[in-house]
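# The sequence and its predicted three-dimensional model are supplied below.
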Amino acid sequence: DVRIIRATEIIGAGQLPNDWQDAIATTVLLLIDDVHVIAAHEDHAQTVGHLIDHALNLGVHVLCTSGTPPRDWSSSRIWELLRNASVSRVQSASEASLALHIKHQTSLLGMLLEDAHIMQLLSHSGQSWRGVEAAISVLKDAHERALAIMNTDSLDSFSLF
């Protein structure tokens with residue numbers, strides 16, 4: 001069981017449901033989105049801090065997303081629990097990472113692309129994971145059907161023959 005708590009729901013509702021302890025007891029993962037918004041409200045920061053503490057005591061994994069680090073928050077129960085938590089930053093993928101991903105994924109599909117073709121594919125993908133995956137899917141479909149890609153909007157002069 002995964003439970004998701006969104007800051008907007010907590011702030012909008014004014015308080016946690018009365019049976020939150022029962023819901024946490026059967027949970028494997030508790031995801032709290034935009035915890036920095038909760039931390040900005042003193043009452044909510046205390047309440048959700050107690051919820052996190054209870055979840056951790058039950059062995060529930062807790063994952064929080066935040067736009068600011070806990071060091072920027074006011075002192076509260078949620079701050080006490082999260083100030084020493086493991087932090088991972090999510091950043092946009094670099095062009096090199098996306099190019100390596102294209103090369104790896106297409107080789108798994110039996111398509112060996114030259115660097116120029118990989119860069120052409122990357123330039124038409126919007127340089128995002130989703131765009132790259134969509135472009136690889138187009139290549140896979142064309143490869144499976146043994147068709148040439150002729151649309152200059154998608155890959156210019158690239159063909160699979």
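Great, that's in hand.

# Which parts of the chain are strands?
2-6, 29-33, 61-64 (DSSP state E).

# Name the stretch among the ones you listed that sits most buried.
Comparing the strands of the chain by mean neighbour count (mean count of other CB atoms under 10 Å), strand 29-33 ranks first with a mean of 18. C-beta: built from backbone N, CA, C; applies to glycine.

# So which of the strands of the chain is nearest Trp20?
With CB to CB, the closest approach to Trp20 among those belongs to strand 2-6: 9.1 Å.

# Listing partners with orientation, what would you give for the closest one?
strand 29-33 (parallel) (DSSP bridges).

# what about Glu133, neighbour count?
Other residues lying near Glu133 total 14 when counted by other CB atoms under 10 Å.

# Look up how far Leu122 lies from it.
12 Å (CB to CB, to the nearest Å).

# what sits against Leu81?
Gly49, Ile52, Asp53, Leu56 (CB atoms under 8 Å, 6 or more residues apart in numbering).

# Could you rerun that using 6 Å?
Residues near Leu81 by CB atoms under 6 Å, 6 or more residues apart in numbering: Gly49, Ile52.

# in the protein, which spans are helices?
Along the chain, the stretches classed as helices by DSSP state H are 7-13, 20-25, 35-39, 42-57, 77-82, 95-108, 115-123, 129-145, 152-155.
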